[in-house]
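Undergrad: Structure for this input, please:
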Amino acid sequence: MEPDRRGATGGRVCEGGASRRPKGCTCLEAREARGAAKEDARPLEADREARTHPAGEMMAVRYHIPGHLRPSTGGQSVIQLEASPPTVGEALALLWALYPGVRDKVMTERDEVRPHVNVFVGKESIRYTGGLGTPIADGSEISIAPAVSGG
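TA: From the prediction side, this is the model:
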């Protein structure tokens with residue numbers, strides 16, 4: 001996003017993508033969006049205080065919902081929750097609490113992601129980054145997608 005873009009409420013949109021961050025925001029997402037070196041990035045910490053924006057507000061997690069699951073979410077394709085769970089598993093648990101019908105279509109009875117479902121954090125599949133224990137950063141986007149196969 002461009003740094004001078006305005007959000008729907010007229011508030012400044014942070015370069016990292018979240019709206020209503022103060023001008024000159026120095027949060028991790030803003031620095032990464034500006035191309036700051038990885039050495040400059042503040043290490044992510046799991047405690048709630050460290051996962052709060054410098055202005056004191058919790059960061060949002062966005063969920064992208066595929067078409068076949070939208071009837072279970074009231075037709076919503078994107079769900080945003082003002083929370084900062086440290087792992088994908090905890091982030092999904094928040095989603096299940098609001099939309100319990102989605103859980104059974106994504107998870108098995110053994111609390112594993114179904115083989116025909118993919119879950120991504122950003123562009124990375126959690127199958128290769130630690131499964132449900134994959135750590136997530138503030139403002140992460142989690143996408144649930146059906147697996148594509150065939151011949």
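
Undergrad: drop to CA atoms for contacts and neighbour counts, all remaining ones
TA: Noted.

Undergrad: Do you have the strands of the chain handy? List them.
TA: 60-64, 78-82, 117-121, 124-125, 141-146 (DSSP state E).

Undergrad: Columns mean neighbour count and distance to residue 95 on top of those strands, output as CSV?
TA: Shown next, in CSV, are these (neighbours: other Cα atoms under 10 Å; distance: least, Cα to Cα, whole Å):
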stretch, mean neighbour count, distance to residue 95
strand 60-64, 20, 8
strand 78-82, 14, 8
strand 117-121, 19, 13
strand 124-125, 14, 18
strand 141-146, 19, 11
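
Undergrad: Export those as a markdown table, with columns for mean pLDDT and distance to residue 72.
TA: As requested, these are exported to a markdown table (pLDDT from 0 to 100; distance: least, Cα to Cα, whole Å):
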| stretch | mean pLDDT | distance to residue 72 |
| --- | --- | --- |
| strand 60-64 | 94 | 13 |
| strand 78-82 | 94 | 12 |
| strand 117-121 | 96 | 16 |
| strand 124-125 | 95 | 23 |
| strand 141-146 | 96 | 13 |
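
Undergrad: Just put those in JSON lines and tack on distance to residue 94.
TA: Putting those into JSON lines (distance: least, Cα to Cα, whole Å) gives the following:
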{"stretch": "strand 60-64", "distance to residue 94": "10"}
{"stretch": "strand 78-82", "distance to residue 94": "8"}
{"stretch": "strand 117-121", "distance to residue 94": "15"}
{"stretch": "strand 124-125", "distance to residue 94": "19"}
{"stretch": "strand 141-146", "distance to residue 94": "12"}
